[in-house]
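Visitor: whatever this is, show me its structure:
(one chain, ligands or ions: 3)
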Amino acid sequence: MNSITLTRPDDWHLHLRDGEAMAAVVAASARQMGRAIIMPNLKPPVTTTEQAQAYRQRILAALPAGADFEPLMTLYLTDTTPVDEIERACASGLVHAVKLYPAGATTHSASGVTDLSHCDAAIAAMARLGLPLLVHGEVTDDDIDIFDREAVFIERIMKPLLERHPELKVVFEHITTAEAADFVAAAPANVAATITAHHLLFNRNKMLVGGIRPHYYCLPILKRERHRQALLAAATSGSAKFFLGTDSAPHARGDKESACGCAGAYTAPAALELYATAFEQAGALERLEGFASHFGADFYGMARNTETVTLVRAPWPLPEALPYVEGQSIVPLAAGETLDWRFQAPS
Ligand SMILES: NC(=O)N[C@@H](CC(=O)O)C(=O)O
Ligand SMILES: [Zn+2]
Ligand SMILES: [Zn+2]
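Guide: Ligands and ions are numbered 1, 2, ... in the order given. This is a model prediction of the structure:
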């Protein structure tokens, strides 16, 4: 196969940041994706519908002329998110989900939830209104090993949450383990998951063998090979519960190449090519379209995109770095590696 044409994909988990950083990265996503669920972990976080509306306007204003890209906004859940904020969010038509960050779990999560019991009324309102809860699924307990934090989250948080709110629509974001893939596959239809390209392509050796490679450090952290295999099987299974969410998470080069480097992989510039590489390795390119372009829209109850995009088989050496903020650069995931696929801009 020398080219693949598929329905224009959507990105169901994307960090665009704000200001100058956003201006540097938004075009990369808008080029490939029709829509994207925009993560609310700004500083300060997007906790109100009013803030989400203003952020959406800034995104639209930062788009290159002629771009056809719909930012789908989210709210950042806190211990004190009121029920009427959930109702306002739903009524706005612009906010499509609420994001749960356990406090301290990841980048810019300091204002996150300390105990889900504080959010019970807000979550009940979401279940009633059909507004999905997007979950960064890792516990933060000091005594839980970083490689076990997702699996422990399923037992301690996810299962009790769904027992208490069985109708709640939940997206288990950026899953990284066989445990999470199995849990989602066995759950009812209101539970789905996003999977990143980097978790489909790499295990933790990529980050740690032969030197520490900070551009492969993200959260949840890359796991061992058997988990990667389980994610690849889930993504290529044809199950509508698994769909594309890049978790493209830009950080300046200096903030990654540091004694205490930030978590996050910048994958937007080659998002679809990276997914195509993973699907091709699994011999499942024909399943890419469902995963990338159909199942997410179906889960969110939105129409599928109607235009198409094309990937052509052509060697593409990824740039070593790209311009970012204040004269700094940003290193895309797999920088310097040559991919076999290249996104063709629609003419
Ligand atoms: N994935 C990451 O490693 N980082 C994300 C936050 C997140 O999605 O957890 C970021 O905002 O940088
Ligand atoms: Zn996360
Ligand atoms: Zn993320």
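
Visitor: could you list the residues in contact with the longest strand seen in the chain?
Guide: If you go by DSSP state E, the chain has its longest strand at strand 308-317. Strand 308-317 has contacts (Cβ atoms under 8 Å, 6 or more residues apart in numbering) with 1-9, 32, 270, 272-273, 276, 336-344, 346. From N, CA and C alone the C-beta is placed, and that goes for glycine too.

Visitor: now the buried members of those residues.
Guide: Applying a neighbour-count criterion of 16 or more other Cβ atoms under 10 Å, the buried members of the contacts of strand 308-317 are 4, 6-9, 32, 270, 272-273, 276, 339, 341-343.

Visitor: so of the residues you listed, which ones are in strands?
Guide: When the buried ones among the contacts of strand 308-317 are checked against strands (DSSP E), the matches are 4, 6-7, 339, 341-343.

Visitor: the stretch 101-250 of the chain against ligand 2: which residues are in contact?
Guide: 106, 136 (Cβ under 5 Å from the ion).

Visitor: and the strands in the stretch 101-250 of the chain?
Guide: For the stretch 101-250 of the chain, the strands defined by DSSP state E, counting those that start in this stretch occupy 133-135, 170-172, 191-195, 242-244.

Visitor: can I get these in JSON lines with mean pLDDT and distance to M126?
Guide: Output for the strands of the stretch 101-250 of the chain, formatted as JSON lines (pLDDT from 0 to 100; distance: least, Cβ to Cβ, whole Å):
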{"stretch": "strand 133-135", "mean pLDDT": "98", "distance to M126": "6"}
{"stretch": "strand 170-172", "mean pLDDT": "99", "distance to M126": "10"}
{"stretch": "strand 191-195", "mean pLDDT": "99", "distance to M126": "14"}
{"stretch": "strand 242-244", "mean pLDDT": "99", "distance to M126": "20"}
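
Visitor: okay if I get those strands as a markdown table plus mean neighbour count and distance to T78?
Guide: Shown next, in a markdown table, are the strands of the stretch 101-250 of the chain (neighbours: other Cβ atoms under 10 Å; distance: least, Cβ to Cβ, whole Å):
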| stretch | mean neighbour count | distance to T78 |
| --- | --- | --- |
| strand 133-135 | 24 | 13 |
| strand 170-172 | 26 | 18 |
| strand 191-195 | 26 | 22 |
| strand 242-244 | 27 | 27 |
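
Visitor: okay, those strands in JSON lines with distance to ligand 1 next?
Guide: Formatted as JSON lines, those follow (distance: least, Cβ to the nearest ligand atom, whole Å):
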{"stretch": "strand 133-135", "distance to ligand 1": "10"}
{"stretch": "strand 170-172", "distance to ligand 1": "12"}
{"stretch": "strand 191-195", "distance to ligand 1": "10"}
{"stretch": "strand 242-244", "distance to ligand 1": "15"}
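
Visitor: mind listing what's buried in stretch 50-65?
Guide: Judged by neighbour count using 16+ other Cβ under 10 Å, the buried positions of stretch 50-65 are 51-52, 55-56, 59, 62-63.

Visitor: other residues contacting it?
Guide: By Cβ under 8 Å, 6+ apart, stretch 50-65 touches 16, 18, 22-23, 26-27, 30, 38, 40, 42, 46, 69, 71, 73-75, 89, 92, 94-95.

Visitor: mind redoing it with 6 Å?
Guide: The contact list for stretch 50-65 (Cβ atoms under 6 Å, 6 or more residues apart in numbering) reads 22-23, 26-27, 30, 46, 69, 71, 73, 94-95.

Visitor: keep only those of these that are in strands.
Guide: Counting by DSSP E, the contacts of stretch 50-65 contribute 71, 73, 95 to strands.

Visitor: I'd say the second one and L94 touch.
Guide: Yes: M73 is in contact with L94 according to Cβ atoms under 6 Å; the separation is 5.3 Å.

Visitor: ok, those two, which is more surrounded?
Guide: M73 (23 against 16; other Cβ atoms under 10 Å).

Visitor: residues in contact with the more buried one?
Guide: Residues near M73 by Cβ under 6 Å, 6+ apart: 38, 52, 56, 94-95.
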